[in-house]
Every structure is written in structure tokens, then in C-alpha cells.
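*Asks:* Quick one: sequence plus predicted model below, questions after.
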Amino acid sequence: MILLKRPRYVHLGHTADQSFVSFLTGPANVRPQPEVVPQTGDMAVLVLQILGLLMGLLGWILESSCTSSHAWKVKSHVDSVTSSSWQFQGLWMECAATSSGAVQCNTYKTVLGLPGYVQACRALMIVALLLGLIGIIVSLLGLKCTKIGSASKEAKGKIALTGGALFLLSGLCSLTAASWYAARVVQEFYDPFFGGIKFELGAGLYMGWGGASLAILGGGFLCCSCKRAVSAPAKGNYGYNYSSAGQDQKIYKPAPASTDTGSTKAYV
């Protein structure tokens, strides 16, 4: 009769559990996951870009109306008894109106004969319109919701920043022109030795100030929306690299040597 001996199993206990956990969570296998930018941040950036573009567009429209306006300054009636006629001037022509509703406008006959500040205001307003137009096109390309141009977030942020800078320059040019012209009108009005017709501020100047303010605000919004998201490791978020067992890698641990002829392998 042949007696079969039962194989002895060695219980590894708590040591094997710690070894297995340390194998999974070792420093070589722990990899922090990059933080994903939440969707709400992208939505806030998109809202800022749209608001900036709309403000810049509305400001450019007001700047265009200001440039073509004939009422940068209007004749003052502070010293006249009756107001049966009106006279107003702009950057390109001067007009006269009567109480019957007849209006007659004449362009300036010469360019070199105009005062220097008028010529400077012309140039500033033209530059403001050109910068604003380019800013509108560039800002459209830099919106996160548009697929025109580069699809990279970093590139789109730089494009939006460029559009915002163009809006800022456009608003500054318009603000400088309107303020310079208004300063000369106020200076001539309060000058007791000025012998010409005294004028007051017209509606064209207010349109210029409004357009400049909107363009500057829109450019500021676009510049603030170009912040790049920086990837940072999230706390408590780890990824584990599980490696498959190789051909020479043993998944069991030999038991201590024994004098018995039975199996001495301990399975985990």
C-alpha cells in the first residue's frame, strides 16, 4: 500500500500582502496624472472673448460714425439773441442750417490751410479705424468656438491677445483725437481775445469718446481671456503601471527546504 503525503502550504501572511502592495505602489510605478482643466474655465474664457469682440465691434462702429460726423463742434448761441441759424463743423466739411430746414455743407477747400490739430485728428481717426478693422478679423480667428486657422489652444490665445492689443490701440487713437479736438474747442471758447466764431462740443466728439471706451474695454477683455491653463498634478490622483509577468518571472515563492519527499512549493 502506497501512502500519499499531502503537500504542505506555507502561509506567507502579512509579509506577502505588504510585498504585493509595495510592488503595485512602488515609487517607480506611481505616475501623477495631469490635472484636466474643467469645462467651466473654458466657458468663462469663451464668454470673455465674445464680450470683448462685441464691445470692440460696437466701438469700431461708433468710431466710424464719429469720423464721418459733421458735428464735432457746433456754433454757440450764448451771445446771440436769436437762434435762427446753426453752424457745425467736422473733420471733412462744415455745414450751415436755417430754421426752415435747409442745410448746406461744403468740404474744406484746402488741406494745407487747415489747422494742424484738425489734420492730426484726421490721421488718428483713420489709424483707429484701420486698427479696429484688423482687430475684428484677428479676434474672430482667435475665438475658441471658431475652427478657422490654428486649432491649438496656445496659438488661439496668442491670436486673441493680438486682437485685444489692436482694439486697445484703436481706442487710444480715437480717445486722443476726440480729446485733443475738444481741448481746442474749449480753449477757444474761453479765450477772451479770440475774435472768431465760438463753438461748443458737438455730438461727434461724444461718439468718439464712447467708441474709444468700448474699444478699450473690449481689448481688455480679450487680453484677459488669453491665460493659458497650466497642468498641475491632482492631489490623491495616481496612476499605476501594471506590468505583465515575464517568462522567467516566478509567481510563487519556494518553501524552506524539507526532508520530506513531497511537494515543497507554496502558492500565493
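*Replies:* Yes, it's here. Residues are numbered from 1 along each chain as shown.
*Asks:* number of nearby residues for L222?
*Replies:* Using other CB atoms under 10 Å, L222 has 32 other residues around it. Yep, even glycine has a C-beta here, placed from its N, CA and C like the rest.
*Asks:* My read is that it contacts I159, right?
*Replies:* No. At 9.7 Å, L222 does not count as touching I159 under the criterion of CB atoms under 8 Å.
*Asks:* Quickly list what's touching both of those two.
*Replies:* Where contact means CB atoms under 8 Å, 6 or more residues apart in numbering, the residues bridging L222 and I159 through contact with each are S139, G142.
*Asks:* tell me the average confidence for the helix or strand that G219 is a member of?
*Replies:* Assigned by DSSP states H and E, G219 falls within helix 203-224. Helix 203-224 comes out with an average pLDDT of 94.
*Asks:* packing partners for it?
*Replies:* helix 39-68, helix 116-142, helix 153-189 (3 or more CB pairs under 8 Å, 6 or more residues apart in numbering; DSSP states H and E).
*Asks:* hmm, which helix or strand of this protein has the shakiest average pLDDT?
*Replies:* The element with the least model confidence among the helices and strands of the chain, by mean pLDDT, DSSP states H and E, is strand 233-240, at a mean of 45.
*Asks:* Report the spatially nearest residue to A128, omitting neighbours in sequence.
*Replies:* Once its chain neighbours are removed from consideration, A128 has its nearest residue in C173; the separation is 3.8 Å (CB to CB, 6 or more residues apart in numbering).
*Asks:* Hmm, G90 and M125 touching each other?
*Replies:* No. Under the contact definition of CB under 8 Å, M125 does not touch G90, with a separation of 10.6 Å.
*Asks:* ok, those two, which is more surrounded?
*Replies:* Between M125 and G90, counting by other CB under 10 Å, M125 is the more crowded of the two (25 against 21).
*Asks:* Check the more buried one and give its pLDDT.
*Replies:* We note a pLDDT of 96 for M125 in this prediction.
*Asks:* One more: C66?
*Replies:* The model reports C66 with a pLDDT of 94.
*Asks:* Spit out the contact partners of it.
*Replies:* Taking CB under 8 Å, 6+ apart, we find C66 in contact with M125, S174, A178, G204, L205, M207, G208, G211.
*Asks:* Could you do S76 as well?
*Replies:* F189, I197, K198, F199, E200.
*Asks:* So which of those sit within strands?
*Replies:* For those, the ones inside strands are F199, E200, with DSSP state E as the criterion.
*Asks:* picking up where we left off before, most surrounded residue in the contacts of C66?
*Replies:* When neighbours are taken as other CB under 10 Å, the top entry among those is S174 (34 neighbours).
*Asks:* Please tell me I have it right and L124 contacts S179.
*Replies:* No. The pair L124 / S179 is not scored as a contact, 10.3 Å apart, by CB under 8 Å.
*Asks:* Please say which of the two ends up with more neighbours.
*Replies:* A side-by-side neighbour count of L124 and S179, using other CB under 10 Å, places L124 first with 21 against 14.
*Asks:* what's the closest non-adjacent residue to that one?
*Replies:* Looking at L124 with CB to CB, 6+ apart, the closest residue is A177, at 3.9 Å.
*Asks:* Count the residues that sit near the one you found.
*Replies:* By other CB under 10 Å, 29 other residues sit near A177.
*Asks:* S170 too?
*Replies:* In terms of burial, S170 registers 31 neighbours under the definition other CB under 10 Å.
*Asks:* cool, and S225?
*Replies:* By the measure other CB under 10 Å, the count of residues near S225 is 23.
*Asks:* All good on my end, thank you.
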